[in-house]
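In: need coordinates for the following:
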Amino acid sequence: MFSEIVGKEISCGVNKIARIMRINNFIAGINRKHSYKKTKNDVVYISENILNREFSQTEPNKVWVSDIAYIYTEMGWAYLCVFLNLYSKVIAGWSVSKSVNTDLIL
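Out: Numbers count the residues shown, from 1 in each chain. This is a model prediction of the structure:
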């Protein structure tokens, strides 16, 4: 059935595709969200919100922000930590690791 429609421009909705897949016993891959599991030795620090969502800065190197992204690769999870200078909007540094720990940030 699918070989008949390959290469043809056919307009249909998501529900029709799901119904055709269900009838033909096709199962779509499911993307599962990654959840970080804390160990019992993890200590949670919550810092004061001194920036208060004021991302426009008037002085260079006064405020830097960072974030960690979880990236799934063929070899497993990779973690990317990026530091951004809010004044110039330039990435000041980054690192990649196989685990989320202080070595990733330092």
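In: what helix or strand does Asp103 sit in?
Out: Assigned by DSSP states H and E, Asp103 falls within helix 102-105.
In: ok, and what's touching that helix?
Out: By Cβ atoms under 8 Å, 6 or more residues apart in numbering, the surrounding residues in contact with helix 102-105 are 66, 68, 79, 81, 95-97. The C-beta positions use only the backbone N, C-alpha and C, and glycine is treated the same way.
In: now stretch 45-55
Out: Contact partners of stretch 45-55, identified using Cβ under 8 Å, 6+ apart, comprise 63, 65, 86.
In: what about the nearest residue to the second one once chain neighbours are set aside, which SS state?
Out: I take that to be Val65. The shortest distance from Val65 to any non-neighbouring residue, by Cβ to Cβ, 6 or more residues apart in numbering, is to Leu84 (5.3 Å). For Leu84, the assignment made with DSSP: H, G, I helix; E, B strand; the rest coil gives strand.
In: if Leu84 is in a bridge, with which residues?
Out: Val65, Ile91 (DSSP bridges).
In: lowest average confidence, helix or strand, in the protein?
Out: Lowest on mean pLDDT, DSSP states H and E among the helices and strands of the chain sits helix 2-5, with a mean of 62.
In: against which helices or strands is the next helix or strand after it packed?
Out: Following the chain from helix 2-5 toward its C-terminal end, the next helix or strand by DSSP H and E is helix 14-23. With contacts defined as 3 or more Cβ pairs under 8 Å, 6 or more residues apart in numbering; DSSP states H and E, helix 14-23 has no packing partner among the helices and strands.
In: list the buried residues of stretch 49-60.
Out: Buried residues in stretch 49-60, defined by neighbour count with 16 or more other Cβ atoms under 10 Å: Gln57.
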